[in-house]
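**Q** sequence plus predicted model, see below.
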Amino acid sequence: MGALFDRRRLFAHRGDSVHHTENTLDAFEACIDLGCDGIELDVQHTACKTLVVFHDFTLTRLAGIERRIDEMTWDELRQIKIGNGARIPTLAEVFARIGSHLIYDLELKSRALGPTGLEEQVLAEIERSGLLRHVLVSSFNPALVWRFKTLSSNTIPTALIYSHSPEVPRFLQNGQGRVLARPTLLKPEQSLVDSRRRDSMPFLPWTVDEAERAHSLLAMGASGIITNRPLDLLPLFRT
């Protein structure tokens, strides 16, 4: 994994989402001041194929609007206010604002098994921004991980995410998608990692908010931690 994980890394989940609206420019910029190593953020397509940074597939939770992201154009989305008046950023805007100050864990959001163009566009944006050495690309979708890995000639680390969430197909809930994806590392929900872990692949657990649990996972060999509370866990990464 090269210099990206030459030491254990602390990633802020959707930025500093405790003090700012998640996945916004303010949330990401705050992570530089906090001293985080990186940020985890979600990337998906609009109807016009603009790459936007937003977690949910709909605006219901953060804007109270019953519409899907992939059914709206960027001109429509850019007018929507979320949280405390924040706006949804594009991936290009995030890269321009944060630059190489942080490592990016880009979670690609698509349930489609066939090509959508998402992988190609994300790779092109990474290359255009000159951030090839600052990026990890991850997804719950093993087909998407495999396609991105192939497109990038395996030059960018990839990770397969998995959990016991009912939104994840049962046959993928324990990371079985690694057989197809062949990722660089695994991103398991923290509850799926215990002291009996026998998998030899590097792993980056999420979302870990308690220092004691984070310490335990690092002792098991975790390459880093993804957390909602980076300030609380920083001491574990500065010793």
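**A** Great, that's in hand. These numbers were taken from a predicted model, which means no experiment stands behind them.

**Q** which parts of this protein are helices?
**A** 25-34, 60-63, 74-77, 91-98, 118-129, 142-151, 178-181, 211-219, 230-233 (DSSP state H).

**Q** buried residues in the third one?
**A** Right, helix 74-77. Within helix 74-77, the residues that count as buried by 16 or more other Cβ atoms under 10 Å are 74, 77. Every C-beta, even on glycine, is put in place using the N, C-alpha and C of the backbone.

**Q** and that helix, how far from the chain's centre?
**A** 23 Å (Cα atoms, centre = their mean, to the nearest Å).

**Q** go on, the fifth one?
**A** For helix 118-129, the distance from its own C-alpha centre to the chain's C-alpha centre is 15 Å (Cα atoms, centre = their mean).

**Q** same question for the second one.
**A** With Cα atoms, centre = their mean as the basis, helix 60-63 stands 20 Å off its chain's centre.

**Q** on that earlier part again, redo the helices of the chain as a markdown table? Include mean pLDDT.
**A** Output for the helices of the chain, formatted as a markdown table (pLDDT from 0 to 100):
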| stretch | mean pLDDT |
| --- | --- |
| helix 25-34 | 97 |
| helix 60-63 | 97 |
| helix 74-77 | 98 |
| helix 91-98 | 98 |
| helix 118-129 | 98 |
| helix 142-151 | 96 |
| helix 178-181 | 93 |
| helix 211-219 | 97 |
| helix 230-233 | 97 |
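
**Q** out of those helices, which is closest to residue 10?
**A** If you check each of those against residue 10 by Cβ to Cβ, helix 230-233 wins as the nearest, at 5.9 Å.

**Q** tell me what the closest one is packed against?
**A** Judged by 3 or more Cβ pairs under 8 Å, 6 or more residues apart in numbering; DSSP states H and E, helix 230-233 is in contact with strand 9-13, helix 25-34, helix 211-219.

**Q** ok, back up a step: could I get the helices of the chain in JSON lines, plus columns for distance to residue 104?
**A** Formatted as JSON lines, the helices of the chain follow (distance: least, Cβ to Cβ, whole Å):
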{"stretch": "helix 25-34", "distance to residue 104": "9"}
{"stretch": "helix 60-63", "distance to residue 104": "21"}
{"stretch": "helix 74-77", "distance to residue 104": "20"}
{"stretch": "helix 91-98", "distance to residue 104": "8"}
{"stretch": "helix 118-129", "distance to residue 104": "8"}
{"stretch": "helix 142-151", "distance to residue 104": "14"}
{"stretch": "helix 178-181", "distance to residue 104": "19"}
{"stretch": "helix 211-219", "distance to residue 104": "21"}
{"stretch": "helix 230-233", "distance to residue 104": "15"}
